[in-house]
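A.B. asks: Curious how this folds, go ahead:
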Amino acid sequence: MPFLSIFKSTVLLLFLVFSSCKGQQKETDPVSAIQSGPPAPIKVAANRTEAYLPLLKGKKVGVVANPTSVIFKEYGHTHLVDSLLSSGIDVKKVFAPEHGFRGTADAGEHVKDGVDTQTGLPIISLYGKNRKPSKEQLSELDVIVFDIQDVGVRFYTFISTLQLVMEACAENSVPIMVLDRPNPNGHYVDGPTMMKEHTSYLGMNTIPLVYGMTMGEYAQLLNGEGWLENGGKADLTVIELENYTHDSAYHLPIRPSPNLPNDTSITLYPSLGLFEGTNVNAGRGTEFQFQRYGASFMDSTAYNFSYVPEPNFGAKHPKEEGKTCYGRDLSQTPRMNEVTMEWIIDAYNNTQDKSKFFLTSGFTKHAGTPLLQKQIEQGMTNEEIKATWQDDLENFKKIREKYLIYD
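C.D. replies: This is a model prediction of the structure:
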């Protein structure tokens with residue numbers, strides 16, 4: 001073979017080898033691997049001190065907080081109030097929601113005014129004789145900081161606390177700053193929608209049971225839709241989350257209330273929380289709150305699981321205290337993306353004396369409508385019941401979309 005032909009063949013072969021190696025190198029390129037790796041960790045607004053401390057300097061501050069109001073550190077966490085004080089912020093008082101500032105009160109138990117033993121700050125209860133800050137309580141304040149972890153369920157009362165605080169701020173010209181946190185049930189919208197005539201502290205607006213919004217987004221909705229009393233509008237600032245989307249799975253490092261101890265209880269809470277309006281025990285008085293349900297009056301032959309509720313942290317007098325409850329263990333349930341009626345229908349169908357089942361007033365307040373009880377009593381299936389929610393859900397999603405901050 002002539003030398004020129006050999007040279008051309010050799011060059012062509014080297015080019016092909018080089019191209020092949022380059023292609024292989026691209027597939028294992030470390031930059032590409034990083035870009036396709038796990039998402040950046042979520043950063044709660046409280047940790048973004050650079051975004052809000054300058055806005056609080058030189059001001060008299062009130063804080064609405066509970067045990068979840070923390071700044072996360074590499075090792076552990078510090079409470080927001082302690083951090084604000086150590087940063088030279090003039091915190092004047094703390095407002096405490098349901099369960100109290102330190103989180104030791106039972107669900108529904110009145111929280112008393114007092115003094116925080118760790119800081120000496122006065123604590124004003126928003127779950128006692130008044131649930132809305134008074135003009136006098138706000139008179140010396142330049143701004144309110146609201147920082148509470150929500151779980152995205154309408155009858156979880158912290159969104160009602162947010163609304164009443166915003167109303168008080170609007171009425172008294174006190175700005176409010178919401179430090180946003182992830183909604184662990186923020187990836188879907190579902191459940192029956194509250195009827196206006198049945199609103200209460202367990203649901204103050206015509207929203208679905210699961211509304212798919214963070215506290216910051218919901219605050220914007222309250223302002224934007226004119227849902228504050230007399231159509232008022234608060235001077236609102238939302239300090240946003242970083243690296244959060246509504247599809248983000250978020251593990252709550254601190255239980256948001258005494259009877260929501262883990263991720264499983266939180267994902268089941270929208271469905272099992274409806275048992276609060278019945279005589280059925282939903283795990284209170286055990287270490288598996290909102291991860292099981294049962295009652296002594298349910299058919300023991302229908303279940304192979306039983307337990308006995310006893311007084312414990314967060315449940316001084318649980319339903320069916322000291323009685324053997326027959327029901328279901330749901331502690332292995334994975335993350336859910338819907339509200340299901342299957343379990344409450346199951347419990348109702350296996351109650352021989354149906355008159356023992358519903359606490360009618362309480363169930364309507366939790367469901368937001370008397371229709372759900374009637375549907376269960378009439379024998380409608382889970383699918384049939386859920387079909388009746390859809391028009392209201394679609395209408396709410398259109399409203400919700402206007403106020404979403406995160407994808």
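A.B. asks: How many residues are close by residue 88?
C.D. replies: Using other C-beta atoms under 10 Å, residue 88 has 10 other residues around it. C-betas here are computed from N, CA, C, even on glycine.
A.B. asks: any idea how far residue 53 is from it?
C.D. replies: Separation of residue 88 from residue 53 (C-beta to C-beta, to the nearest Å) stands at 9 Å.
A.B. asks: list residues touching both of these two?
C.D. replies: Listed as contacting both residue 88 and residue 53 by C-beta atoms under 8 Å, 6 or more residues apart in numbering is no residue at all.
A.B. asks: Look up the pLDDT of the residue nearest the centre of the chain for me, please.
C.D. replies: By C-alpha atoms, centre = their mean, the chain has its centre lying nearest to residue 151, at 1.2 Å. For residue 151, the model assigns a pLDDT of 98.
A.B. asks: In three-state terms, label residue 254 for me.
C.D. replies: Following DSSP: H, G, I helix; E, B strand; the rest coil, residue 254 is assigned to coil.
A.B. asks: shouldn't it be in contact with residue 181?
C.D. replies: No: between residue 254 and residue 181 there is no contact under C-beta atoms under 8 Å: 10.6 Å.
A.B. asks: and those two? which has more neighbours close in?
C.D. replies: Per other C-beta under 10 Å, whichever of residue 254 and residue 181 has more neighbours is residue 181, with 25 against 13.
A.B. asks: Assess the claim that the more buried one and residue 147 are in contact.
C.D. replies: Yes: contact between residue 181 and residue 147 holds when scored by C-beta under 8 Å: they sit 7.5 Å apart.
A.B. asks: Residues that sit against both of the two, list them.
C.D. replies: Applying C-beta under 8 Å, 6+ apart, one finds that residue 181 and residue 147 are jointly contacted by 45-46.
A.B. asks: can you tell me how far the closest residue to residue 327 other than its chain neighbours sits from residue 311?
C.D. replies: Distance criterion C-beta to C-beta, 6 or more residues apart in numbering; nearest residue to residue 327, sequence neighbours excluded, is residue 294 at 2.5 Å. Using C-beta to C-beta, residue 294 is found at 17 Å from residue 311.
A.B. asks: cool, and residue 279?
C.D. replies: Taking C-beta to C-beta, one finds residue 279 at 18 Å from residue 311.
A.B. asks: out of those two, which sits in the more crowded spot?
C.D. replies: residue 279 (18 against 13).
A.B. asks: From residue 295, how far out is that one?
C.D. replies: Taking C-beta to C-beta as the measure, residue 279 and residue 295 are separated by 6 Å.
A.B. asks: quick one: buried residues of stretch 215-235?
C.D. replies: 215-223, 227-228, 232, 234 (16 or more other C-beta atoms under 10 Å).
A.B. asks: which of those residues has the weakest pLDDT?
C.D. replies: residue 232 (94).
A.B. asks: Excluding residues flanking it in the chain, which one is nearest it?
C.D. replies: Nearest residue to residue 232 in three dimensions, chain neighbours excluded: residue 170, at 3.7 Å (C-beta to C-beta, 6+ apart).
A.B. asks: same question, residue 56
C.D. replies: Using C-beta to C-beta, 6+ apart, the nearest residue to residue 56 is residue 89, at 5.0 Å.
A.B. asks: go on, residue 339?
C.D. replies: Nearest non-adjacent residue to residue 339, counting by C-beta to C-beta, 6+ apart: residue 191, 4.0 Å away.
A.B. asks: Let me know the helix or strand that that neighbour is in.
C.D. replies: Assigned by DSSP states H and E, residue 191 falls within strand 190-193.
A.B. asks: Could you tell me which strands sit next to that strand in the sheet, and their orientation?
C.D. replies: If you go by DSSP bridges, strand 190-193 pairs up with strand 208-210 (antiparallel).
A.B. asks: So what does residue 84 look like in phi/psi?
C.D. replies: Main-chain dihedrals, residue 84, degrees, to the nearest 10: phi -60, psi -40.
A.B. asks: what helix or strand is the nearest residue to it once chain neighbours are set aside on?
C.D. replies: Nearest residue to residue 84 in three dimensions, chain neighbours excluded: residue 91, at 5.2 Å (C-beta to C-beta, 6+ apart). Here residue 91 is covered by strand 90-96, with elements defined by DSSP H and E.
A.B. asks: what's the answer for residue 159, then?
C.D. replies: helix 158-171.
A.B. asks: which is the next helix or strand following that helix?
C.D. replies: Criterion used, DSSP H and E; the element after helix 158-171 is strand 176-179.
A.B. asks: Which strands or helices does that next one pack on?
C.D. replies: If contacts are counted by 3 or more C-beta pairs under 8 Å, 6 or more residues apart in numbering; DSSP states H and E, strand 176-179 sits against helix 49-56, strand 143-147, helix 158-171, helix 215-224, strand 236-239.
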